[in-house]
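Undergrad: What follows is a predicted structure for the sequence shown.
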Amino acid sequence: MKFKFIMAVVSVLLTAATTVSAQQKNDTFRPKEIWKDTEGNAINAHGGGIMYHKGTYYWYGEYKVGKTVLPSWATWECYRTDVTGVSCYSSKDLLNWKFEGLALKAVPDDPESDLHPSKVIERPKVIYNAKTKKFVMWVHAESADYGMAAAGVAVSDTPEGPFEYIGSFRPNDSMSRDQTLFVDDDGTAYQFSSSENNQTLHINRLTDDYLKPDGTFVRRFIGLAREAPAVFKYKGKYYMLSSGCTGWDPNQAELAVADSIMGEWTILGNPCTGVDADKTFYGQSTYVIPVNAKKGEFIACFDLWKKKDLADSRYIWLPLQVDKKTGKMSIPWMASWNMKDLKKK
Ligand code: GAL
């Protein structure tokens, strides 16, 4: 009787402890560590992008669950998980994220669909179109062998979705793999994508509704094999953080700058500093969040891919610091940090 009572008390205490820990607030960014959402589950939003809308941040990413496989026909390391969809999380403070569900869902019953589990959906990015009042998502839409090299587009009336998938195409009839979107201050949007077999980057200007390229594009970083582009603007100049092209394996990051988005880009070099900076801390760029662009406060977001267990891939979010005197940008390694580390040095 006494034993039963003690066990009951222990079980009540354990349940209470779990509930408390599930609701525990994150107060520090801890790159590479498991990052829990407000329900206590690991955040699952890889190759992602952040959209700020009406006081809330939305994080969209590849929702990777289940086994990682290397297809039997693979001639390279195209480790993959089945397509499940694109997840959406919301947050007010960039630290505590609420899972909003799948903004774009897989389509298991149509083997022809780009969203069929057997395909590949990567690097989702969402932007808001003030004219049409629609949220527009672009993804890298792929076949399992990465031969399709296309962009897929989906739209929604609300940030959380559900997004309606419109279809895929090759922008300006060119291959399109790793990609990102950028909206300039005048509302014009651009897609940056690794094209020409990942060797050259294309900057495609989009139509006013953001659903298609408008036909104007430029080839930049010709033959330099840049991937994982993340674009931001600071003091009237455009910056692009990117990786080299080594699949899921890390390489050295690079920052480039341009006076005009479709103009000439100048390579600035590797902005990462500290331990493992030559390997981007074992991460790969995916997005730069302008927390307060005017004040030079940015967060650089990287994926830490685990190629043999992609579902356990993590995140490396770090302050991108702008030196007060020289204007030089750097991304120093920090095992843990908080918002005050974003301030200019
Ligand atoms: C990387 C790319 C990832 C994914 C991977 C597949 O280069 O950045 O998004 O496509 O290759 O191996």
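TA: In hand now; what should we look at? For clarity, every value in this text was computed on a predicted model and none was experimentally measured. Numbering: from 1, shown residues only.
Undergrad: Report the mean confidence score over the helix or strand hosting residue 139.
TA: Element membership for residue 139, per DSSP states H and E: strand 134-142. The pLDDT scores in strand 134-142 average 98.
Undergrad: what's the answer for stretch 108-123, then?
TA: 98.
Undergrad: do the strand holding residue 139 and the ligand meet?
TA: No. Using Cβ under 6 Å from any ligand atom, strand 134-142 never reaches the ligand; the gap is at least 6.9 Å. In short, each C-beta sits where N, CA and C put it, glycine included.
Undergrad: residue ranges of the helices in the protein, please?
TA: Per DSSP state H, the chain carries helices over the ranges 2-23.
Undergrad: Burial check on residue 260, number of neighbours?
TA: Residues lying near residue 260 (other Cβ atoms under 10 Å) number 11.
Undergrad: just to revisit the earlier point, list the buried ones in the strand holding residue 139?
TA: Residues of strand 134-142 classed as buried: 134-142 (neighbour count, 16 or more other Cβ atoms under 10 Å).
Undergrad: can you check stretch 144-158 too?
TA: By 16+ other Cβ under 10 Å, the buried positions in stretch 144-158 come out as 144, 146, 148-156.
Undergrad: export the residues you listed to TSV and tack on distance to the ligand?
TA: Below are the buried residues of stretch 144-158 laid out as TSV (distance: Cβ to the nearest ligand atom, whole Å):
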residue	distance to the ligand
144	11
146	7
148	12
149	10
150	13
151	13
152	14
153	18
154	18
155	23
156	23
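Undergrad: Make a markdown table out of these and add distance to residue 194.
TA: Conversion of the buried residues of stretch 144-158 to a markdown table gives the following (distance: Cβ to Cβ, whole Å):
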| residue | distance to residue 194 |
| --- | --- |
| 144 | 18 |
| 146 | 11 |
| 148 | 14 |
| 149 | 9 |
| 150 | 12 |
| 151 | 11 |
| 152 | 15 |
| 153 | 17 |
| 154 | 20 |
| 155 | 24 |
| 156 | 26 |
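Undergrad: among these, which are in strands?
TA: 150-156 (DSSP state E).
Undergrad: which of the buried residues of stretch 144-158 lies closest to residue 311?
TA: Using Cβ to Cβ, residue 144 is the member of those that lies nearest residue 311, at 17.1 Å.
Undergrad: Among the buried residues of strand 134-142, give me the pair with the biggest separation.
TA: 134 and 142, at 24.4 Å, using Cβ to Cβ across the buried residues of strand 134-142.
Undergrad: what residues does the stretch 201-345 of the chain put near the ligand?
TA: 227-228, 245, 247-248, 284.
Undergrad: Quick check on these: which are buried?
TA: The neighbour-count test (16+ other Cβ under 10 Å) marks 227-228, 245, 248, 284 as buried among those.
Undergrad: measure the residue in the stretch 151-300 of the chain positioned nearest to the ligand to residue 54 for me?
TA: As assessed by Cβ to the nearest ligand atom, the ligand sits closest to residue 247 within the stretch 151-300 of the chain, at 3.8 Å. Per Cβ to Cβ, to the nearest Å, residue 247 is found 38 Å from residue 54.
Undergrad: Tell me who's in contact with residue 268.
TA: With contacts defined as Cβ atoms under 8 Å, 6 or more residues apart in numbering, residue 268 is in contact with 254-257, 329.
Undergrad: scratch that, residue 71
TA: 78, 80, 144-145.
Undergrad: run the last query once more with 10 Å
TA: Residue 71 makes contacts with 78-80, 118, 144-145, as judged by Cβ atoms under 10 Å, 6 or more residues apart in numbering.
Undergrad: again, but for residue 144
TA: Residue 144 sits in contact with 69, 71, 73-74, 78, 80, 82-83, 116-120, where contact means Cβ under 10 Å, 6+ apart.
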